[in-house]
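**Student:** just a sequence and a predicted model for now, questions to come.
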Amino acid sequence: MNGTPADGDPQPLESLLALLDLERIEQDIFRGVSRSAVVPRVFGGQVAAQALVAAGRTVPEERLAHSLHAYFLRPGDPGAPIVYEVDRIRDGRSFTTRRVVAIQHGQPIFHLSASFQVHEEGLEHQEPMPDAPDPETLPSAEELLPAHADKFPDRRVVDRLLEARAAIDLRYVEDPPFLTAGVTREPRSQVWFRARGKLADDPMLHICLATYVSDMTLLDSVLLAHGRGGWAVGDVVGASLDHAMWFHRPLRADEWLLYDQQSPSASGGRGLGTARIYTRDGRLAVSVIQEGLVRVPRTL
């Protein structure tokens, strides 16, 4: 995976690409670092993207990831490096399978299985892209978040959110949960996103960046159904439990992508989010499913 951005890209994007550029310490062992997140643990999208990078570096470059299935086992420590051990499960004529374990302080914190495939032609159909306004008509994070700083119990949360999204331009189609806490809504949410700068023409890089972003807002639809503002507001506590993605068609993470998300169910302290990622011209590029821990604090 070539993580070099085009000349003139903003520093935050370069920092994110450096985060995904793992150090190889043995043939199938890699080491990564973390960046600060909104919550005091490693951001789930980061560890998922890094694990996919590790797996991809053991696979011929003509084979691209077509699916991943992952479990978040323990909260990651953002102050410690993460070691990724890759197990070469299978190398077939068309498909390659890898298993990755992320380790911190001698314990596994994350497990990923990923499958890669040589490109081939086949049957084609897709679910049509839903309606959504043009992303340029929607407010950026820099416009939205400071204007609503009073919604957060701690003003520093706004700064952490802006820092977490400095490399990614992410725009909500409708008000996000933290702006409508206390009001129940349809369990559906849409965001547009793209990297803030031109990326190299490396398909795995774009897949890994989409993986990184996929964990940012997927459980918002669970919160909307119950009028909860989310982790940043403090009216729920939670974490990602498992995560699955299927990569159907090529995408570019430096061009606008529509992330259409909904929640079919919540029960047992868990909420399920399902989603589709579409290119701006209407191609279904990725399907995503995640279950997360969603608990109401006992003090409320």
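**Tutor:** Alright, I've got the coordinates.
**Student:** so how far is the helix-or-strand element of the chain with minimal mean pLDDT from its chain's centroid?
**Tutor:** Counting by mean pLDDT, DSSP states H and E, the chain has its least confident helix or strand at helix 156-164, which shows a mean of 86. In this view, helix 156-164 has its centroid 17 Å away from the chain centroid, taken as C-alpha atoms, centre = their mean, to the nearest Å.
**Student:** how about stretch 94-103?
**Tutor:** Using C-alpha atoms, centre = their mean, the offset of stretch 94-103 from its chain centre is 18 Å.
**Student:** contacts for it?
**Tutor:** Under the contact criterion C-beta atoms under 8 Å, 6 or more residues apart in numbering, stretch 94-103 has outside partners 47, 50-52, 54-55, 58-60, 63, 76, 82-90, 108-118, 120. Using the backbone N, CA and C atoms, a C-beta is placed for each residue, glycine as well.
**Student:** residue 117: neighbour count?
**Tutor:** Neighbourhood size, residue 117 [other C-beta atoms under 10 Å]: 16.
**Student:** mind telling me what element it is part of?
**Tutor:** strand 107-118 (DSSP states H and E).
**Student:** strands of the stretch 151-300 of the chain, start to end?
**Tutor:** Secondary structure of the stretch 151-300 of the chain by DSSP state E, counting those that start in this stretch: the strands cover 168-172, 188-195, 237-247, 257-267, 270-279, 284-295.
**Student:** do the stretch 1-150 of the chain as well
**Tutor:** Under DSSP E, counting those that start in this stretch, the stretch 1-150 of the chain gives strands at 23-26, 29-32, 63-72, 82-91, 95-104, 107-118.
**Student:** before we move on, the earlier item: mind saving the C-alpha coords of the least confident helix or strand of the chain as PDB?
**Tutor:** Extracted in PDB, the C-alpha atoms of helix 156-164 (Å, rounded to 0.1, in the frame of the first residue of the first chain):
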ATOM      1  CA  ARG A 156     -12.700  20.600  24.900                       C
ATOM      2  CA  VAL A 157     -14.800  17.800  23.300                       C
ATOM      3  CA  VAL A 158     -15.300  20.100  20.300                       C
ATOM      4  CA  ASP A 159     -11.600  20.500  20.000                       C
ATOM      5  CA  ARG A 160     -11.100  16.700  20.200                       C
ATOM      6  CA  LEU A 161     -13.800  16.100  17.600                       C
ATOM      7  CA  LEU A 162     -12.200  18.600  15.200                       C
ATOM      8  CA  GLU A 163      -8.800  17.100  15.700                       C
ATOM      9  CA  ALA A 164     -10.200  13.600  15.100                       C
END
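**Student:** relative to strand 168-172, how tilted is that helix?
**Tutor:** Here helix 156-164 runs at an angle of 120 degrees relative to strand 168-172 (axes from the mean of the first three to the mean of the last three C-alpha atoms, to 10 degrees).
**Student:** please name the residues that touch residue 265.
**Tutor:** So residue 265 contacts 271-272 (C-beta under 8 Å, 6+ apart).
**Student:** can you tell me the closest non-neighbouring residue to residue 237?
**Tutor:** residue 295 (5.1 Å; C-beta to C-beta, 6 or more residues apart in numbering).
**Student:** check that neighbour and give its pLDDT.
**Tutor:** For residue 295, the pLDDT comes out at 93.
**Student:** low-confidence ranges in the chain?
**Tutor:** Along the chain, the parts satisfying pLDDT under 70 run over 1-10, 36-39, 299-300.
**Student:** what about residue 220, distance to residue 82?
**Tutor:** 26 Å (C-beta to C-beta, to the nearest Å).
**Student:** same question, residue 128
**Tutor:** From residue 128 to residue 82 the distance is 39 Å (C-beta to C-beta).
**Student:** looking at the two, which is more packed in?
**Tutor:** Set residue 128 next to residue 82 and count neighbours by other C-beta under 10 Å: residue 82 wins out with 24 against 8.
**Student:** the more buried one contacts residue 49, correct?
**Tutor:** No. Using C-beta atoms under 8 Å as the test, residue 82 is too far from residue 49 to be in contact (11.6 Å).
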